[in-house]
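[1] Have a look at this fold, sequence not included:
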């Protein structure tokens, strides 16, 4: 006999012990690269006289380093609340495919959905990289808790590294602080090649890299979106795997 909705919710449940494994997963190369980036973020906040506490609040609420940098810079330049919110939103659009991919692999039928909203909020480049590499061996009932444990560890640690960068800002040259901020996107690019499986994956990455400079010149606020959409579409059309024709 089929289970009805109530019985299904009772039959399925998260195994919250998985949070511990997710917290341990944060101790990785990707986490180290992210830590370097947030040291640079803290130094950046200090260099533009942006307060430490608002900077930490931005980490918690925005949780995407490009968006946090855009927010702090526009706020200090008095760009206005609407313009600042729109710019931060545009920087977050690129994270939607990653969020959909992570949640599609972690969703559990017949359970409360509120933990998924938390996972969606904290899914960014580093979360995606670590989840892609480590979530395959995690039981379905433990995947959402695993991701939440990973998120708690990363957010807590990055707040600490933001404080470290802010305090050490007087000792860091401006060029070094700026370089540290770009550690995460550089690592993301390397991870794209590391996780690529098909020929069109590589073609899409290369085409996106070639298109990005032109897109930045034409539409600087939409450059990554344009490069990814155009490069990915072309790669899918010309290099996607072909199904064998039926005989």
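    Yes, it's here. These numbers come from a predicted model, not from an experiment.

[2] so is residue 110 in a helix, a strand, or just coil?
    At residue 110 the chain is in coil, as set by DSSP: H, G, I helix; E, B strand; the rest coil.

[3] Pop out the phi and psi values for it.
    Dihedral pair for residue 110: phi 80, psi 20, per degrees, to the nearest 10.

[4] tell me which residues in the longest helix along the chain are buried?
    With secondary structure taken from DSSP state H, the chain has its longest helix at helix 140-167. Buried residues in helix 140-167, counted by 16 or more other Cβ atoms under 10 Å: 141-154, 157-159, 161-163, 165-166. (Glycine included, C-beta is placed from N, CA and C.)

[5] Just give me the neighbour total for residue 215.
    Around residue 215 there are 20 other residues, counting by other Cβ atoms under 10 Å.

[6] Quick check on it: phi, psi?
    Torsion angles, degrees, to the nearest 10, at residue 215: phi -60, psi -40.

[7] Is it in contact with residue 227, as I believe?
    Yes - the pair residue 215 / residue 227 is scored as a contact, 4.9 Å apart, by Cβ atoms under 8 Å.

[8] For this structure, name the helix or strand with the lowest mean pLDDT.
    Least confident element among the helices and strands of the chain, by mean pLDDT, DSSP states H and E: helix 5-11 (a mean of 48).

[9] following it, which helix or strand comes up?
    helix 18-25 (DSSP states H and E).

[10] what does that next one contact?
    Applying Cβ atoms under 8 Å, 6 or more residues apart in numbering, the contact partners of helix 18-25 are 130, 134, 138-139, 141-153.

[11] what's the answer for stretch 35-49, then?
    Residues contacting stretch 35-49 (Cβ under 8 Å, 6+ apart): 51-52, 55, 59, 65, 68-69, 72-73, 76, 157-158, 161-170, 172, 174, 176-184.

[12] which of these are buried?
    Among the contacts of stretch 35-49, the ones that count as buried by 16+ other Cβ under 10 Å are 55, 59, 65, 68-69, 72, 157-158, 161-163, 165-166, 169, 172, 177, 180-181, 183-184.

[13] Could you list the low-pLDDT ranges of this protein?
    Along the chain, segments meeting pLDDT under 70 span 1-12, 177-178, 181, 183-188, 190-192, 194-197, 221-225, 241-247.
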